[in-house]
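Enquirer: Output the structure for:
(one chain, ligands or ions: 1)
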Amino acid sequence: MILSTRQMLLDAQAGHYAVPAFNIHNLETLQVVADTASEMHSPLIIAVTPSTIDYARDEYVVAMANIAAKHTNTPIAIHLDHFEDITRIKKAIDVGFKSAMIDASKLPFEENIAKTKEVVSYAHHYDATVEAELGKLVGVEDDLVVDDKDAAYTNPDDAVKFVKATNIDSLAVAIGTAHGLYKGEPKLDFDRLIEIRKKVDIPLVLHGASDVPDELVKKAIKLGICKVNVATDLKIPFSNAVKKYFKENPDANDPRKYMTPGKQAMKEIVKHKIEVCGSLNRY
Ligand code: 13P
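Expert: Predicted structure coming up:
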């Protein structure tokens, strides 16, 4: 059964670990995250961006995730990542998604609240959970691009007001991570995270966890992060392995052959990220 993220994130919060949210794009990448989470007894959030839904279509994702959930004991949620369009969120919930991020972080504070509230009221009616973001992360996530000049860290007092006003289930915080690869060593504002954690009691989410040293991610989890989003760190090894396969086998044309090394390479990273999250052997 496809779950919402409610219980799995509350369990993570109580247990001081994080549930990994892996961005997938197709059958192969979904299989890798589901099989690996199952082997490692880790809860799993399967995340899809709007452009993944354009590519793979929402009902296919729901169907594939249902099969994964049916064949394993793994607690699996499928999550809409960085959705800005309420109509699209409602449609995805209608076809079986139980978790959504409404990303209205570009809007002024009150408008972010109003838009988020609308999603919460719809989602909760269907027992689906809602994540929202306060502050803005720099970087590129599929079609979402935020320049350095538009970045803003989460203000802890605003976070309190926002959570109270919206009744969201989890909050994505901007504390210095970015989507995609970093130009230098990422610097995380842990004092800010501590302050937010003190003031806000719902599960906190770290976006842009690719290319962040493991020790920093672990520290963020120790300080209260309960969900860690990873996309880029999975795409790179997958595509590098496929490129290598074609270099060595220039006449290859069988997807079952050239996809397999991609899946294997991605699996190693998924295993590692589950270890970093501390989510193994949790069920
Ligand atoms: P990365 O691509 O940096 O891992 O970011 C993923 C993410 O935050 C998805 O919402």
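Enquirer: lowest-pLDDT helix or strand in the chain?
Expert: Least confident helix or strand of the chain, by mean pLDDT, DSSP states H and E, is strand 144-146 with a mean of 64.
Enquirer: Now the helix or strand following that one: buried residues?
Expert: Downstream of strand 144-146, the next assigned helix or strand under DSSP states H and E is helix 156-166. For helix 156-166, a neighbour-count test (16 or more other CB atoms under 10 Å) marks 156, 159, 162, 163, 165, 166 as buried. Bear in mind the C-beta positions are built from the backbone N, C-alpha and C, glycine included.
Enquirer: same thing with stretch 176-191?
Expert: In stretch 176-191, counting by 16+ other CB under 10 Å, buried: 176, 177, 178, 179, 180, 182, 186, 188, 189.
Enquirer: do that stretch and the ligand meet at all?
Expert: Yes: among the residues of stretch 176-191, 179, 180 lie within reach of the ligand under CB under 6 Å from any ligand atom.
Enquirer: Can I get that stretch in CSV? Just the C-alpha atoms.
Expert: Output of stretch 176-191 as CSV, limited to C-alpha atoms (Å, rounded to 0.1, in the frame of the first residue of the first chain):
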residue,chain,number,x,y,z
GLY,A,176,22.7,26.8,2.8
THR,A,177,22.2,23.7,0.7
ALA,A,178,21.6,24.1,-3.1
HIS,A,179,20.1,21.9,-5.8
GLY,A,180,22.7,20.3,-8.0
LEU,A,181,26.4,20.5,-7.7
TYR,A,182,28.3,23.0,-5.6
LYS,A,183,30.9,25.5,-6.8
GLY,A,184,32.8,25.2,-3.6
GLU,A,185,32.4,23.4,-0.3
PRO,A,186,28.8,23.9,0.9
LYS,A,187,28.4,25.8,4.1
LEU,A,188,25.4,24.9,6.2
ASP,A,189,24.0,27.3,8.8
PHE,A,190,23.6,24.8,11.7
ASP,A,191,22.8,27.5,14.2
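Enquirer: Could you save the buried residues of helix 156-166 as CSV and add columns showing distance to residue 38?
Expert: CSV is the format used below for those (distance: CB to CB, whole Å):
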residue, distance to residue 38
156, 37
159, 34
162, 35
163, 33
165, 38
166, 34
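Enquirer: any idea of the mean pLDDT in stretch 106-114?
Expert: Averaged across stretch 106-114, pLDDT comes to 94.
Enquirer: Provide a complete list of residue ranges assigned to helices in the stretch 151-283 of the chain.
Expert: Along the stretch 151-283 of the chain, the segments classed as helices by DSSP state H, counting those that start in this stretch run 156-166, 190-199, 214-222, 232-248, 255-277.
Enquirer: Out of those, flag the one nearest residue 67.
Expert: Between residue 67 and those, the shortest gap by CB to CB is with helix 255-277, which sits at 16.5 Å.
Enquirer: by how many degrees do the closest one and helix 214-222 diverge?
Expert: Here helix 255-277 runs at an angle of 60 degrees relative to helix 214-222 (axes from the mean of the first three to the mean of the last three CA atoms, to 10 degrees).
Enquirer: Report all helices and strands that the helix or strand where residue 62 lies contacts.
Expert: In this structure, residue 62 is located in helix 58-71 according to DSSP H and E. If you count contacts as 3 or more CB pairs under 8 Å, 6 or more residues apart in numbering; DSSP states H and E, helix 58-71 packs onto strand 2-3, helix 27-39, strand 44-48, strand 76-83.
Enquirer: This completes my enquiry, with thanks.
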